[in-house]
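Chemist: Let's see this in three dimensions:
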Amino acid sequence: MSSATRERLLKAAEELFGEYGFDATSVRAIGERAGVNPALVHYYFGSKVNLLAALLAQRSTALRATLWAASRAEPMDLWDRLRVVLEAYMRAFYDHHLLVRLVFRELALRQRPELTEALVQLIEPLREPLYAILSEGVHRGRFHPVDPDLVWLTVMGALLMPLVNRPMASALFGWEPGSLEPYPEAFRARLHRHLWDTLKAMLHPPGARGSPYGC
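Modeler: Sure thing, here's the model as predicted:
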């Protein structure tokens, strides 16, 4: 199997699925976007559904590895590791914003139960690196005890809303309507600062001496 051809098909599928949705994207369109014979989709993946499954598995596996590496980095301070994990989430969602839209569109529509279950199984492990840092920080007295589920929800909600519902975000923030690009760079910087300030406010133990990283 040519890894270059396979990756071209995955990249083309990610773009087209994000732009037009899974059902509206044909195998022929994927092949044309990749610059290869559309029959190679079936040769490499067997079906369009299998292509999507392979795309999701590859991207989530890579992100999970990046997150775990950041969360376990030594001798970095806990606050440094938390910051790097936050940046990894932001970078992944920004770089793969079309795929993010596709995932949450599928989860909302629930038209393919087997795919919905697969998506949930892929997303759940992405929480673990953040939970591990939070648990370690609380155990060592570096972080104020928090509900990790709500911390995850806080971060994901802020990152995902502008990507998943771009028309609403464009109307609210004055962005270019109809654009398939992720949020503007200036907003990305604002969002990063806001989330980092929010995490510090939630996690800094009351009465603790000194300030967490970056204050």
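Chemist: Ranking helices and strands of the protein by mean pLDDT, which lands last?
Modeler: helix 113-123 (a mean of 79; mean pLDDT, DSSP states H and E).
Chemist: ok, and for the helix or strand following that one, which residues are buried?
Modeler: Downstream of helix 113-123, the first helix or strand assigned by DSSP states H and E is helix 128-139. By 16 or more other C-beta atoms under 10 Å, the buried positions in helix 128-139 come out as Pro129, Leu130, Ala132, Ile133, Leu134, Glu136, Gly137, Val138. From N, CA and C alone the C-beta is placed, and that goes for glycine too.
Chemist: again with stretch 94-111
Modeler: By neighbour count on 16+ other C-beta under 10 Å, the buried set for stretch 94-111 is Tyr94, His96, His97, Leu98, Leu99, Val100, Arg101, Leu102, Val103, Phe104, Glu106.
Chemist: Now do the contacts for the fifth one.
Modeler: What that stands for is Leu99. By C-beta atoms under 8 Å, 6 or more residues apart in numbering, the residues touching Leu99 are Glu14, Phe17, Gly18, Leu55, Leu56, Arg59.
Chemist: The last one now?
Modeler: Residues in contact with Glu106, defined by C-beta under 8 Å, 6+ apart, are Phe22, Arg112, Leu115, Thr116, Leu119.
Chemist: how about the buried residues of stretch 94-111 in JSON lines, adding secondary structure and distance to Ala171?
Modeler: Formatted as JSON lines, those follow (DSSP: H, G, I helix; E, B strand; the rest coil; distance: C-beta to C-beta, whole Å):
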{"residue": "Tyr94", "secondary structure": "helix", "distance to Ala171": "21"}
{"residue": "His96", "secondary structure": "coil", "distance to Ala171": "24"}
{"residue": "His97", "secondary structure": "helix", "distance to Ala171": "18"}
{"residue": "Leu98", "secondary structure": "helix", "distance to Ala171": "20"}
{"residue": "Leu99", "secondary structure": "helix", "distance to Ala171": "23"}
{"residue": "Val100", "secondary structure": "helix", "distance to Ala171": "20"}
{"residue": "Arg101", "secondary structure": "helix", "distance to Ala171": "17"}
{"residue": "Leu102", "secondary structure": "helix", "distance to Ala171": "22"}
{"residue": "Val103", "secondary structure": "helix", "distance to Ala171": "23"}
{"residue": "Phe104", "secondary structure": "helix", "distance to Ala171": "19"}
{"residue": "Glu106", "secondary structure": "helix", "distance to Ala171": "24"}
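Chemist: Which residue in those residues has the weakest pLDDT?
Modeler: Among the buried residues of stretch 94-111, Glu106 has the lowest pLDDT, at 78.
Chemist: tell me the contacts of the residue nearest the centre of the chain?
Modeler: Nearest residue to the geometric centre of the chain (C-alpha atoms, centre = their mean): Phe93, 3.7 Å. By C-beta under 8 Å, 6+ apart, the contact list for Phe93 reads Val100, Leu159, Leu160, Leu163, Pro182.
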